[in-house]
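Engineer: what's the 3D shape of this:
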Amino acid sequence: MLGRQIRTVLRWQLIATAALALAGGFVAGIDGALSAVLGGAVSACAGWASAVVASKGEARSTGEILFGALRAEGVKVGLIVILLWLVFATYKDIVVLAFLGSFLATVLIFAMAFFVREYD
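Structural biologist: Numbering: from 1, shown residues only. Prediction:
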């Protein structure tokens, strides 16, 4: 079960991706919209996988907590690299500005999980 902060941030990422897909579609057509969706999806998938890895197991010591955080961050970075390569290698009509804009926006949104309150 993912925490409230992660669920909230993933929701924000999806909303931002949808808005940027609409903007990309308006400016560059279907390729712009699809590029923005793929950019947001790369970040959202990597963030989700990182959260799943971080939520596994119970840490009993500070070292275990640190190791779990580093493992989760490694999964996130590795998945981002693989997914970026996959998109650029397979999608020949990518609109780079829409893709990278959506990707960077959703990466920044994920970083804001720290500021989401756990309870109301």
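Engineer: low-confidence regions, this protein specifically.
Structural biologist: Within the chain, the set of residues satisfying pLDDT under 70 comprises 1, 59, 114, 116-120.
Engineer: what helices or strands is the helix or strand where residue 25 lies leaning on?
Structural biologist: Following DSSP states H and E, one finds residue 25 within helix 4-55. Applying 3 or more Cβ pairs under 8 Å, 6 or more residues apart in numbering; DSSP states H and E, one finds that helix 4-55 contacts helix 62-90, helix 96-111. To be clear about C-beta, it is placed using only N, CA and C from the backbone, and glycine gets the same treatment.
Engineer: could you dump the ones you listed into TSV with distance to residue 37 and mean neighbour count added?
Structural biologist: As requested, the helices and strands packed on helix 4-55 are exported to TSV (distance: least, Cβ to Cβ, whole Å; neighbours: other Cβ atoms under 10 Å):
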stretch	distance to residue 37	mean neighbour count
helix 62-90	11	14
helix 96-111	7	20
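Engineer: reformat these as a markdown table; add distance to residue 33.
Structural biologist: Output for the helices and strands packed on helix 4-55, formatted as a markdown table (distance: least, Cβ to Cβ, whole Å):
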| stretch | distance to residue 33 |
| --- | --- |
| helix 62-90 | 14 |
| helix 96-111 | 8 |
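Engineer: and of those helices, who's closest to residue 24?
Structural biologist: Across the helices and strands packed on helix 4-55, residue 24 has its closest neighbour in helix 96-111 (3.7 Å, Cβ to Cβ).
Engineer: what residues does that closest one touch?
Structural biologist: Helix 96-111 has contacts (Cβ atoms under 8 Å, 6 or more residues apart in numbering) with 9, 12-13, 16-17, 20-21, 23-24, 27-28, 32-33, 35-40, 42-44, 47, 84, 87.
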